[in-house]
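Enquirer: No letters, just coordinates:
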């Protein structure tokens, strides 16, 4: 199998940015989760008063929770971007989808034409009888 | 399942995993915030969170690696337009045949109605031309 193919710089940069985004978002989720759990321990040896420390911890937990949600949303956006990239650039899948659709359309077209042919044959048979009736009657 | 849809289905499952991940993290914090928190529950949810996050990372890395291998940077110029047009023309032929058959059917109905009305008027004329019996 050949080595790395020379992709255009923009595509390479795009794929690299996807990796970076993935790494950053996962790291952010893990770190913020870890910090919230550490805060939940409740460190009593502080120089601040207890109320102030509680307020600070609450605020920090809010911010870190918001960071976890932001990282989750960023991951969802990343998945959406990868889906879009896949639809546009995954040539094997696109080729297969086009082949399947072409095959389906041609099958339907063959069915339509077959039905038309059988209709034509039926009408030709009926026309034969009608012509015979007409040309042998007195009213022609 | 066809190959084109398989990858999209995998990405859909990754999205669900991300939501599961966030949900598990929330469950951990809810459990820890309780007065009598069950450490076992919190640990379970934490394990779920970590496992799901790892799976998300691995699956997305696989997808990005696959895209690195198959993408060429050029736009895809294939299209299914030719076969689509062929099918459309077949539909037009079918519709044309259908409209002609409907027209024939209309003519037949009109003809039958015309014959009935002629027969009915001939019948009435027959009644009126019968001579009335004369009384002696």
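Expert: Ah, there it is. Predicted model only: the values in this text are computed from it and were never measured. Residues are numbered from 1 along each chain as shown, chains lettered A, B, ... in the order given.
Enquirer: three-state assignment of residue B:75?
Expert: Secondary structure, DSSP: H, G, I helix; E, B strand; the rest coil: residue B:75 is coil.
Enquirer: ok, residue A:65 touching residue A:37?
Expert: No: look at residue A:65 against residue A:37 with Cβ atoms under 8 Å: they stay out of range, at 11.7 Å. For the C-beta atoms, the positions are set from N, CA and C on the backbone; glycine is no exception.
Enquirer: centroid residue for chain A?
Expert: Using Cα atoms, centre = their mean, the residue of chain A that lies closest to the mean C-alpha position is residue A:83, 4.2 Å off.
Enquirer: Now do the contacts for it.
Expert: Shown in contact with residue A:83 (Cβ atoms under 8 Å, 6 or more residues apart in numbering or on different chains): B:8, B:11.
Enquirer: and what of residue A:70?
Expert: residue A:28.
Enquirer: mind showing which ranges of the chain have poor pLDDT?
Expert: Unless you meant another one, I'm taking chain A. Along chain A, the parts satisfying pLDDT under 70 run over A:1-8, A:44, A:140.
Enquirer: wait, I meant chain B there
Expert: Low-confidence segments of chain B, defined by pLDDT under 70: B:1-2, B:127-136.
Enquirer: So which residues of it form strands?
Expert: For chain B, no strands are identified by DSSP state E.
Enquirer: what about the helices in it?
Expert: Here chain B has its helices, by DSSP state H, at B:3-33, B:39-70, B:81-129.
Enquirer: okay, the angle between the helix or strand that contains residue A:107 and helix B:81-129?
Expert: Using DSSP states H and E, residue A:107 sits within helix A:91-135. Per axes from the mean of the first three to the mean of the last three Cα atoms, to 10 degrees, the angle that helix A:91-135 makes with helix B:81-129 is 20 degrees.
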